[in-house]
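sequence-free structure coming up:
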């Protein structure tokens, strides 16, 4: 019988699951509770309950996680699957953590792509879009600050990702405000291409 391969692409949700299992073995419901209590749902997509089960199945298939079935007659779930991390899982968790902290991922986010073709619209239209994005960021920051009111008792180390996201959004809003000021002040300007009129370009006579 072939041993399971622990080769697996780094996964944000997988890393969080392995990190929790390093603390202690636990069942899915405990993981869901911790993810909510520590605000991890902001950095990983766990909107669907099946997300945790799917990642646990993948981690188990690669020998990174093991599980046992335990009985607990004191609760509504008399029989639950309790997951624990393996030695291989601990090593992979450290490898993933190292890669994610030290490396710059090869990602292609939408916003920089949109900025790269901003000249397809005029400066006034671009200023309107940037202004709208600033409002969205400020609204998001207000919501995040309000949510943090309920996390006073959570150790800071579990909220570093929230600090990181907050600082990034604050920095982006400040930079966008500078760009907006330069556009409105005429420091940053460009000529948008004229919209093609129907029948004007590519007209051919048969």
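Arrived safely, thanks for sending. Quick caveat: nothing in here was measured; it's all calculated off a predicted structure.

for the most centrally placed residue in the chain, phi and psi?
Per C-alpha atoms, centre = their mean, the C-alpha nearest to the average position across the chain is that of residue 43, at 3.9 Å. Main-chain dihedrals, residue 43, degrees, to the nearest 10: phi -110, psi -10.

which one is it nearest to, not counting chain neighbours?
residue 161 (5.0 Å; C-beta to C-beta, 6 or more residues apart in numbering). C-beta: built from backbone N, CA, C; applies to glycine.

and the helices in this structure?
Per DSSP state H, the chain has helices spanning 12-23, 28-37, 50-61, 87-102, 110-116, 123-148, 160-184. These are given in chain order.

arrange the ones you listed in CSV, one row each, with mean pLDDT and mean neighbour count as further columns.
Shown next, in CSV, are the helices of the chain (pLDDT from 0 to 100; neighbours: other C-beta atoms under 10 Å):
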stretch, mean pLDDT, mean neighbour count
helix 12-23, 93, 19
helix 28-37, 86, 15
helix 50-61, 91, 16
helix 87-102, 93, 14
helix 110-116, 92, 10
helix 123-148, 94, 14
helix 160-184, 95, 14
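
which one of those lies nearest to residue 81?
Among those, the nearest to residue 81 by C-beta to C-beta is helix 28-37 (7.4 Å).

how far off helix 50-61 does that closest one point, in degrees?
Interaxial angle of helix 28-37 relative to helix 50-61 (axes from the mean of the first three to the mean of the last three C-alpha atoms, to 10 degrees): 120 degrees.

tell me the buried residues in stretch 152-162?
Going by neighbour count (16 or more other C-beta atoms under 10 Å), the buried part of stretch 152-162 is 159, 161, 162.

distance of residue 129 relative to residue 177?
Here residue 129 is placed at a distance of 14 Å from residue 177 (C-beta to C-beta, to the nearest Å).

please apply the same query to residue 22.
In terms of C-beta to C-beta, residue 22 sits 42 Å off from residue 177.

partner residues bridging the residue nearest to residue 25 when sequence neighbours are not counted?
Residue nearest to residue 25 in three dimensions, not counting chain neighbours: residue 84, with 3.9 Å by C-beta to C-beta, 6+ apart. With DSSP bridges as the criterion, residue 84 is bridged to residue 66.

run a quick neighbour tally on residue 84.
14 (other C-beta atoms under 10 Å).

any chance of the helices of the chain in a markdown table, with distance to residue 194 too?
Listed next are those as a markdown table, based on distance: least, C-beta to C-beta, whole Å:
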| stretch | distance to residue 194 |
| --- | --- |
| helix 12-23 | 44 |
| helix 28-37 | 51 |
| helix 50-61 | 48 |
| helix 87-102 | 46 |
| helix 110-116 | 20 |
| helix 123-148 | 14 |
| helix 160-184 | 20 |
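
quick one: closest of those to residue 79.
Judged by C-beta to C-beta, the one of these that comes nearest to residue 79 is helix 28-37, at 12.7 Å.

that closest one: how far from the chain's middle?
Put simply, helix 28-37 sits 18 Å off its chain's centre (C-alpha atoms, centre = their mean, to the nearest Å).
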